[in-house]
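Enquirer: How does the following fold in three dimensions:
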Amino acid sequence: MAYTPNPQTVKVTFDDRAQAVAAYVSDEIDYIFVGKLMYVRDATGTALPTNGGAVNWSPASAVQTATLEAWGVTGIADTRDEGKLLTVPTVDETTGIQSAMDWCLNNGYNLIGDLSRVYGFTDTLYWATRTGVTPQGKPLLDRMKLKVMTGGSWTAGDISSADAEVWEFGDAALVVGISTGGDTGARSMETGSRLILDASHIAPVGLWMRGVNRSVCDGDIRAATEAEVLAGAEQDNLIVGDVRHCTASRWIGRHTEFVYGEQADGSFDGSPADPVTAGGYWSMTGRTSRGLVVSSADFETIGCTGSSCLTSVCAIRGTSWRDTGSDWWAGEGRDQVNTVALIGAGHNGWESNGCKFQDGGVVIENFEGTMMSPKMSQYSTGDNLTLRAVNASETAQAFTVIAPENDNAGNVVLDTRGGSWATLECVWFGGIKNSGASSWTLDGNAIIAKDFRADANGHIATDGTENYAALQAGTYTAEVQDSSANVSATTSNAKWTRAGNLVTVTATFFNVSTAGLTGGDQLTVSLPFAADGTGSGQVSITQATYPSTATELGLTIANGASLAAVVGHGSGLNAPSLTVAGLTSGSSDIRVDITYNVA
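Expert: Next comes the predicted model:
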């Protein structure tokens, strides 16, 4: 039926939304104002209906940003302190929120809310492609507080297995990326740093990044039951196309399972109870969330903070996950948490750079990775680093740790989950400690010089033998001796460096005394480690008489000896010995530089 305008109800400006919805707007009017909001006439609009539902309107903005208020989504004032769970809304606004999201995605608009308000919902929200939704540009969801309310239906997953590869996660409160089958396109949409999502211990997953491409997600995700943030998809929930992976995408936000002052019933008593005996303070007992779960290839986390989760970060599937500058910790619920990070068996080619692992340990099941300058601390009596074999005869040969820092008594242990250990061959460079006198230990064996023992190839050894770390340096008191084992009173504070079984020594002796030495014996210099008979070096001696017709001096090392003997070199000579008598006692200086292999 054709519409005939009523002059009494035609307006350009309305005081509130209810007044606008009840109005009839004449055909010549393309823009209307509802309070501070401006709308444009749009046959496909979903934000505001007028004229008895016959005319639709969309937000009008020169900066491509729409607000939830434009869809009549008003929420409730947030009365709780920052950092706690959000105030519980009184109205379910799922439909309005999703309508706003769909329109913004289709039109390339950012969507924001009012940070003084909390918006309640009871079903999964999709900042994602779905039927009738084709995102334009790279729209941003930001500046809003979203809270899951009771009354919805959420399907749980199963993350109880010790094998992270078989974990399956339940429904998510917010999906970013792809949400329906058949979508094979690369999608880009993002969330901002002032998005706060409270899963209310109801939704299994808080934020699910699924199939996003070259996108950055940020925000503060709280109180999910299985994972606050999930990147990628489980094995039984793949969608046609690359939904499993979030190619070249990043998570840079914060996630936490429980927050300060929260009691088991979700209340905040203002006087936190002891976390061990009463279940209050920062968290209740029985925590289940795995925090951030990376189940995607080519994904990156930068500067994240994860806390108060069963495990703050888990990389379980995919390849080439990179983590830089993040802080993973157990939070004040640390009495109930021993593990803050888990690298699952299926995640190859991972890399951790300058990250902190606090109040809990790190468990590694995949050894195709590198830890650069990790900073570790353990609040409880647990171990700082657990290397867990899931394959038979594991060697961890592709695993490298560089410059680890440990601010308490550090333990590194070997464990198994269906696998077994052969010779451990990973490489460990350095062993820095912040405080305390104890050093790292490996399976109860003290780590020499705060570094792991290593085999002849510079790899860590676990048999307790006197091998040294992959890279070390030190000093020793070098001595001048004769071949009868008499020792000169003149010594040197010599320096040595060692990489695997290769040692380089530098020693200088000034004004060497030959008192007590046998003049006809061969002159020798002591070494820090027994040699295998191979090596090369040079020696220079002032005020010395060379043997026979020698024109220069050199060094020889016998297999198994801890001494280098001084010999002469020259045309037609067979390395005659330099005897003690060749020195000028009290005047000769000796400089030794030698590189040799340890026996």
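
Enquirer: roughly how far apart are Thr13 and Leu578?
Expert: In this view, Thr13 and Leu578 are 106 Å apart by CB to CB, to the nearest Å. (Glycine included, C-beta is placed from N, CA and C.)

Enquirer: which helix in the chain runs the most residues?
Expert: For the chain, the helix with the greatest residue count under DSSP state H is helix 94-107.

Enquirer: how near is the closest residue to Gly72 other than its chain neighbours to Leu85?
Expert: Leaving aside its sequence neighbours, Gly72 sits nearest to Arg17 (CB to CB, 6 or more residues apart in numbering; 5.2 Å). Here the criterion is CB to CB. By it, Arg17 lies 29 Å from Leu85.

Enquirer: on that earlier part again, tally of neighbours for the residue nearest to Gly72?
Expert: 18 (other CB atoms under 10 Å).

Enquirer: still on that earlier bit, who has more neighbours out of Thr13 and Leu578?
Expert: Leu578 (24 against 11).

Enquirer: Could you pull up the contacting residues of the closest residue to Gly516 other than its chain neighbours?
Expert: Closest residue to Gly516 apart from its sequence neighbours, by CB to CB, 6+ apart: Asn486 at 5.5 Å. Contact analysis of Asn486 by CB atoms under 8 Å, 6 or more residues apart in numbering lists Gly516, Leu517, Thr518, Asp521.

Enquirer: Quick one: buried ones out of the residues you listed?
Expert: Leu517, Asp521 (16 or more other CB atoms under 10 Å).

Enquirer: what's Leu146 in contact with, if anything?
Expert: Counting by CB under 8 Å, 6+ apart, the residues that Leu146 touches are Ile97, Val118, Tyr119, Phe121, Leu125, Ala173, Leu174, Leu195, Ile196, Leu197, Asp198.

Enquirer: Return the closest of these with respect to Thr74.
Expert: The nearest member of these to Thr74, counting by CB to CB, is Tyr119 at 8.3 Å.

Enquirer: Packing partners of the helix or strand in which the closest one is found?
Expert: Tyr119 belongs to strand 117-121 when assigned by DSSP states H and E. If contacts are counted by 3 or more CB pairs under 8 Å, 6 or more residues apart in numbering; DSSP states H and E, strand 117-121 sits against strand 76-77, helix 94-107, strand 144-148.

Enquirer: Pull the CA coordinates from the longest one and hand them back as CSV.
Expert: This means helix 94-107. C-alpha atoms of helix 94-107 as CSV (Å, rounded to 0.1, in the frame of the first residue of the first chain):
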residue,chain,number,x,y,z
THR,A,94,22.3,-10.3,20.8
THR,A,95,20.1,-9.5,17.8
GLY,A,96,20.9,-5.8,17.8
ILE,A,97,24.6,-6.3,18.3
GLN,A,98,24.8,-8.9,15.4
SER,A,99,22.7,-6.7,13.1
ALA,A,100,25.2,-3.9,13.7
MET,A,101,28.1,-6.2,13.1
ASP,A,102,26.7,-7.5,9.8
TRP,A,103,25.9,-4.1,8.4
CYS,A,104,29.4,-2.7,9.3
LEU,A,105,31.1,-5.7,7.8
ASN,A,106,29.1,-5.4,4.5
ASN,A,107,29.8,-1.7,4.3
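
Enquirer: Please save the CA atoms from stretch 539-549 in PDB.
Expert: Taking Å, rounded to 0.1, in the frame of the first residue of the first chain, the C-alpha atoms of stretch 539-549 are listed here in PDB:
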ATOM      1  CA  VAL A 539     104.800 -20.000  21.500                       C
ATOM      2  CA  SER A 540     107.200 -17.100  21.800                       C
ATOM      3  CA  ILE A 541     110.000 -16.900  24.400                       C
ATOM      4  CA  THR A 542     112.400 -14.000  25.100                       C
ATOM      5  CA  GLN A 543     116.000 -14.500  25.900                       C
ATOM      6  CA  ALA A 544     115.900 -18.200  25.000                       C
ATOM      7  CA  THR A 545     118.500 -20.500  23.400                       C
ATOM      8  CA  TYR A 546     116.800 -22.500  20.600                       C
ATOM      9  CA  PRO A 547     117.600 -26.200  20.300                       C
ATOM     10  CA  SER A 548     120.000 -27.400  17.500                       C
ATOM     11  CA  THR A 549     119.600 -25.200  14.400                       C
END
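
Enquirer: List the buried residues in that stretch.
Expert: Val539, Ile541, Ala544, Tyr546, Pro547.

Enquirer: If you average the pLDDT over that stretch, what comes out?
Expert: Across stretch 539-549, pLDDT averages out at 89.

Enquirer: again with stretch 326-342
Expert: Stretch 326-342 shows an average pLDDT of 77 in the prediction.

Enquirer: residue nearest the centroid of the chain?
Expert: Centroid-nearest residue in the chain: Asp323, 4.1 Å away (criterion: CA atoms, centre = their mean).

Enquirer: so that residue sits right up against Glu300, yeah?
Expert: Yes. Using CB atoms under 8 Å, Asp323 is in contact with Glu300, at 7.5 Å.

Enquirer: what residue ranges in the stretch 151-300 of the chain score low on pLDDT?
Expert: Across the stretch 151-300 of the chain, the ranges flagged by pLDDT under 70 are 180-186, 234-244, 259-287.

Enquirer: need the helices for this protein, in chain order.
Expert: For the chain, the helices defined by DSSP H occupy 17-21, 94-107.

Enquirer: Return the residues in contact with Thr586.
Expert: Wrong residue type there; residue 586 is Gly, not Thr. So Gly586 contacts Asn511, Val512, Ser513 (CB under 8 Å, 6+ apart).

Enquirer: For the second one, give its distance to Leu230.
Expert: Val512 sits at a distance of 71 Å from Leu230 (criterion: CB to CB).

Enquirer: More neighbours: those two, which one.
Expert: Taking neighbours as other CB under 10 Å, Val512 and Leu230 compare with Leu230 leading, 31 against 27.

Enquirer: these two touch, right, Gly132 and Asp102?
Expert: Yes. Counting by CB under 8 Å, Gly132 does reach Asp102; the two are 7.2 Å apart.

Enquirer: who's more crowded, these two?
Expert: Higher neighbour count among Gly132 and Asp102: Asp102, with 19 against 8, using other CB under 10 Å.

Enquirer: So for that one, what's the pLDDT?
Expert: 94.

Enquirer: ok, it to Thr67 distance?
Expert: Distance from Asp102 to Thr67, by CB to CB: 15 Å.

Enquirer: How about Thr79?
Expert: 22 Å.

Enquirer: Of these two, which one has the most company?
Expert: Each of Thr79 and Thr67 has its neighbours counted (other CB under 10 Å); Thr67 has more, 20 against 9.

Enquirer: contacting residues for that one?
Expert: Leu37, Pro59, Leu111, Ile112, Gly113, Asp114.

Enquirer: Could you rerun that using 7 Å?
Expert: Ile112, Gly113 (CB atoms under 7 Å, 6 or more residues apart in numbering).

Enquirer: can you check Thr90 too?
Expert: Contacts of Thr90 by CB under 7 Å, 6+ apart are Ile76.

Enquirer: Make sure Ala389 is actually in contact with Ala422.
Expert: No. Ala389 is beyond contact range of Ala422, at 8.9 Å (criterion: CB atoms under 7 Å).

Enquirer: who's more crowded, those two?
Expert: Ala389 (22 against 13).

Enquirer: Contact partners for that one?
Expert: Thr416, Gly419, Ser420, Trp421.

Enquirer: and what of Thr87?
Expert: Contacts of Thr87 (CB under 7 Å, 6+ apart): Ile76, Asp78, Thr79, Arg80, Val118.

Enquirer: What of Ile252?
Expert: So Ile252 contacts Val216, Asp218, Ile302, Gly303, Cys304 (CB under 7 Å, 6+ apart).
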